[in-house]
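After the sequence you'll find the predicted model.
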Amino acid sequence: MCDAKKKSVKEFYGNLKTEDFSESLNETLQACNRPKNALPKKVREALKNVHDEVQNRYFGCGLCIPPALEGATVLDLGCGAGRDAFAISQLVCESGKVIGVDMTQELLKIGESFKEWHRQKAGQKVSNVEFKHGFIEKLDELGFSDNSVDVMISNCVICLTAVKEDVFREVARVLKPGGEIYFSDCYGNKPVSKEAQESDKLWGEGAGAMVWSELGQICEKLGLSVPYMQNASPYKFGDNVQELLGDRKFAAVTWRIIKKPQNCEKNNNGSWLATYNGGMEEICTFQLAQNIKFPKSKPILINSEIFAELQSSRYAKFFSFEKIEEIMPQQLNPFEFT
Ligand SMILES: C[S@@+](CC[C@H](N)C(=O)[O-])C[C@H]1O[C@@H](n2cnc3c(N)ncnc32)[C@H](O)[C@@H]1O
């Protein structure tokens with residue numbers, strides 16, 4: 001069953017162009033890709049500098065380009081023809097690199113054939129993009145060692161895989177502590193019927209999506225942070241397949257998940273004030289999650305779990321932290337006050 005699904009996903013995407021999507025799916029994807037907040041100029045420019053032929057094979061369902069990427073090693077899980085990989089290659093600069101992994105040779109070949117074009121466009125001496133053919137559940141077979149990658153991204157891929165936990169196990173292994181996966185994917189509000197799961201076409205469009213709450217359970221099991229939601233848009237399948245899905249609702253969601261540092265549980269007490277000092281591109285308010293935001297220069301109260309995650313991440317250098325003594329009910333010794 002898994003191999004049959006992989007084969008049908010490869011066939012589905014191998015010869016597809018964006019214009020081949022049905023009207024309703026195309027509308028959905030356009031809506032998902034419309035950023036809710038203004039994009040930093042650098043990101044807008046980087047996306048504009050991607051070749052049309054690559055852009056034409058972009059099948060993502062969200063914007064998964066986090067800030068502060070300079071110098072980072074970024075792994076794109078299911079990179080396709082490389083739209084995000086080529087955009088990010090400009091943001092990591094020459095001191096960083098991007099590795100795209102995908103199982104569909106046809107798409108990788110397109111990416112490979114435009115590598116030189118993007119190197120020249122970015123004025124780089126040597127290309128900092130590499131494509132690898134393989135499965136995102138088996139990064140070990142591609143030579144990725146433990147704790148070796150700063151950032152992972154993934155755009156509309158994990159919903160196509162058979163066993164989601166296998167993907168996140170590799171994420172948890174390969175990310176450095178404090179590293180993050182920043183990714184967009186499709187989620188359901190309840191499981192799809194067996195009949196819908198067996199439709200290759202539906203699966204290829206994303207019906208293998210997890211129920212959203214399962215993601216948090218997997219993260220907890222694997223020592224990853226809570227999935228911090230960035231944004232969500234309604235996701236509608238092609239008209240011809242919507243029927244099979246009944247009353248189930250779907251959303252394209254962008255999440256940030258941080259690999260917790262090793263001592264995170266041990267030091268799990270107390271509260272902290274975290275102040276974002278600015279300096280991250282043009283970002284005036286750093287958004288850890290939709291509901292956890294850090295406006296520049298404003299101390300925000302956080303618990304020790306978020307503190308450990310932020311402090312071990314590449315965002316730490318943009319923050320200052322102050323420990324807050326917990327106020328416990330206790331009888332005070334009056335002689336300490338006289
Ligand atoms: C919807 S497309 C998105 C491609 C790319 N991220 C983009 O935004 O254009 C899904 C991609 O995931 C790849 N894919 C699906 N399952 C995979 C797996 N288990 N291992 C590697 N690649 C996979 C497919 O080959 C396809 O290129």
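Perfect, thanks for sending it. Numbers count the residues shown, from 1 in each chain.

Show me the beta-bridge partners of the closest residue in space to Gln311 that isn't next to it in sequence.
Using Cβ to Cβ, 6 or more residues apart in numbering and skipping residues adjacent in sequence, the residue nearest Gln311 is Phe321, 6.4 Å away. C-beta: built from backbone N, CA, C; applies to glycine. Beta bridges link Phe321 to Ala274, judged by DSSP bridges.

What is the burial count for Phe321?
When counting by other Cβ atoms under 10 Å, one arrives at 14 neighbours for Phe321.

if I look at it, how far off is Leu160?
Phe321 sits 39 Å away from Leu160 when distances are taken as Cβ to Cβ, to the nearest Å.

Backbone dihedrals for the residue nearest to Leu69 when sequence neighbours are not counted, both of them.
Ranked by Cβ to Cβ, 6+ apart and with sequence neighbours excluded, the top spatial neighbour of Leu69 is Leu91, at 4.4 Å. In terms of degrees, to the nearest 10, the main-chain angles of Leu91 are phi -90, psi -30.

check contacts around Leu91.
Applying Cβ atoms under 8 Å, 6 or more residues apart in numbering to Leu91 gives the contacts 42-43, 46, 65, 69-70.

Could you pull out the helices in this structure for me?
2-14, 23-33, 41-48, 52-55, 83-91, 105-113, 115-122, 164-174, 194-198, 200-202, 212-222, 239-242, 304-311 (DSSP state H).

low pLDDT regions in the stretch 1-150 of the chain?
1-2 (pLDDT under 70).

Which positions in it make contact with the ligand?
Proximity of the stretch 1-150 of the chain to the ligand, by Cβ under 6 Å from any ligand atom, involves residues 9-10, 13, 58-60, 78-80, 83-84, 102-104, 107, 135-137.

Figure out how far stretch 199-218 is from the centre of its chain.
Offset of stretch 199-218 from its chain centre (Cα atoms, centre = their mean, to the nearest Å): 16 Å.

Show me which residues of it are buried.
Buried positions in stretch 199-218, judged by neighbour count with 16 or more other Cβ atoms under 10 Å: 199, 202-210, 212, 215, 218.

Which two of those have the greatest separation?
Spatially, the most separated pair among the buried residues of stretch 199-218 is Ser199 and Ile218, at 24.6 Å (Cβ to Cβ).

May I see the domains of the chain written out as residue ranges?
Domain assignment for the chain by automatic domain parsing gives 2-258, 271-324.

Quick one: those domains as a markdown table, columns for distance to Thr338 too.
Listed next are the domains of the chain as a markdown table, based on distance: least, Cβ to Cβ, whole Å:
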| stretch | distance to Thr338 |
| --- | --- |
| domain 2-258 | 47 |
| domain 271-324 | 27 |
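
most packed of those domains?
domain 2-258 (a mean of 19; mean count of other Cβ atoms under 10 Å).

gap between that domain and the chain center?
For domain 2-258, the distance to the chain centre is 7 Å (Cα atoms, centre = their mean).

do stretch 298-316 as well
19 Å.

Just the pLDDT for the closest residue to Leu215 other than its chain neighbours.
Spatially, and ignoring its direct neighbours in sequence, Leu215 is nearest to Pro227 (5.1 Å; Cβ to Cβ, 6+ apart). Looking at Pro227, its pLDDT is 98.
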